[in-house]
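Engineer: fold the following, please.
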Amino acid sequence: MTMRWRKLGRVYAPDGHEPWARSHAMIPTPVGMPDGGLRIYFASCDDRGVGRIGYADLDPRDPTRILRRSEKPVLDIGRAGCFDDNGVNPTCAIWRGDELWLYYVGYQLGVQVRYTLFSGLAISRDGGESFTRISEAPILERCDGELLYRTAPFVLRDGSDNWRMLYIAGDHEVEVGGKAVPSYHMREVHSADGRQWTGPSRFVLGPDEAVEHGLGRPFVVSSTAGYELYFSTRTLRHGYRLAYAISVDGRTWQRDDAALGLDVSPDGWDSEAISFSAVTALPGGTHLFYNGNGFGQTGFGVAIREA
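Structural biologist: The predicted structure is shown next:
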């Protein structure tokens, strides 16, 4: 059965007056706040296209209404030479007691390749107003087959000592339209504490190489039938689109993009691309936050599930 979504419109895009947020609101990452509020972390770019993480607090009963926005980044770029010295993007936020754990992507420019993407963890102890890295090194280090990308972490807890992470991995670029772009797939790895992710990983899903060169940003929610996996696909001809898979046990996934029923609009801010979905339950129903054209250059919006 195909889901039915109603787009509620764009929620936020920077107006360009702040040096750290000239453009973009990339990878909307929702998290419920202790007071019942809804916060969306995202990354905005400066004049050089370098991303830093900020947030917008939304009305959970009307998630198109912004109540408050961060005036400065809550997580800045890393020290020169580190894996995140040219940009940081949020991908997953989890409360653990009074601490808010933020898993994020770090960008570093390359010479022989355009860039590398590795994953980090930063923790807030002031209610999400600022974050401190647990390490200047990535939490997923390079390994054979995943030499350039171990990115877009999404973390689930199956008990106090069993943490699972879905993430995107790859070790080469491909040429699409005369431009070198990453080729990557989805994998899973486990941890006993959410900090150390050193065990072996396993393959989860890969792109259909006839029409795609990569998968992006996994986001998992539980359902009455098991689990739903929302993610992005990077197509060879049409750029980013949303994708979907279901699973009974949360480990073996059956891809069913047609069941998602959410695509680009005929015109406007999300008419060329749609990507980086994140789903959350709010008082008015199930909502999906996403980016539109230009990897978040036109901001992020929201849709509500009607069936």
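Engineer: doesn't Trp20 make contact with Lys72?
Structural biologist: Yes: Lys72 lies in contact with Trp20 (CB atoms under 8 Å); the separation is 6.9 Å. Quick note: C-beta positions are derived from backbone N, CA and C, even for glycine.
Engineer: any shared contact partners between these two?
Structural biologist: Residues touching both Lys72 and Trp20 (CB atoms under 8 Å, 6 or more residues apart in numbering): Gly54.
Engineer: which one's more surrounded, those two?
Structural biologist: A direct count of neighbours by other CB atoms under 10 Å for Lys72 and Trp20 places Trp20 higher, at 20 against 12.
Engineer: tell me the pLDDT of the more buried one.
Structural biologist: Note on Trp20: pLDDT of 98.
Engineer: what does Gly159 give?
Structural biologist: 75.
Engineer: any idea how far Asp193 is from it?
Structural biologist: 12 Å (CB to CB, to the nearest Å).
Engineer: can you check Asp267 too?
Structural biologist: Taking CB to CB, one finds Asp267 at 48 Å from Asp193.
Engineer: got the contact list for the residue nearest to the spatial centre of the chain?
Structural biologist: For the chain, the residue nearest the mean C-alpha position is Thr91 (3.7 Å; CA atoms, centre = their mean). Residues near Thr91 by CB under 8 Å, 6+ apart: Ile27, Thr29, Tyr103, Tyr104, Val105, Ser119, Ala152, Pro153, Phe154, Arg217.
Engineer: for Ala137, state which of these is nearest.
Structural biologist: Ala137 has its nearest neighbour among the contacts of Thr91 in Ser119, at 10.6 Å by CB to CB.
Engineer: CA-only coordinates of the strand or helix carrying that closest one in PDB, if you can.
Structural biologist: Ser119 belongs to strand 115-124 when elements are defined using DSSP states H and E. Provided in PDB are the C-alpha atoms of strand 115-124 (Å, rounded to 0.1, in the frame of the first residue of the first chain):
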ATOM      1  CA  TYR A 115      36.400  15.100   0.000                       C
ATOM      2  CA  THR A 116      36.100  12.500   2.700                       C
ATOM      3  CA  LEU A 117      33.200  12.000   5.100                       C
ATOM      4  CA  PHE A 118      33.600  10.400   8.600                       C
ATOM      5  CA  SER A 119      31.400  10.300  11.600                       C
ATOM      6  CA  GLY A 120      31.800  12.000  15.000                       C
ATOM      7  CA  LEU A 121      30.000  12.200  18.300                       C
ATOM      8  CA  ALA A 122      29.500  15.300  20.400                       C
ATOM      9  CA  ILE A 123      27.700  15.600  23.700                       C
ATOM     10  CA  SER A 124      25.700  18.500  25.200                       C
END
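Engineer: quick one, which of Gly159 and Asp193 is more surrounded?
Structural biologist: In terms of neighbours (other CB under 10 Å), Asp193 is the more surrounded of Gly159 and Asp193; the figures are 9 against 6.
Engineer: how far away is that one from Pro218?
Structural biologist: Distance from Asp193 to Pro218, by CB to CB: 21 Å.
Engineer: do the same with Val174
Structural biologist: 21 Å.
Engineer: these two: which is more packed in?
Structural biologist: Pro218 (27 against 14).
Engineer: wait, a helix at that one?
Structural biologist: No: with DSSP: H, G, I helix; E, B strand; the rest coil as the criterion, Pro218 is assigned strand and is not in a helix.
Engineer: need the contact list for it.
Structural biologist: Contacts here follow CB under 8 Å, 6+ apart; on that basis Pro218 touches Ala152, Phe154, Leu166, Tyr167, Ile168, Met186, Leu229, Tyr230, Phe231.
Engineer: from those residues, which two are the most distant?
Structural biologist: Tyr167 and Tyr230 (14.7 Å).
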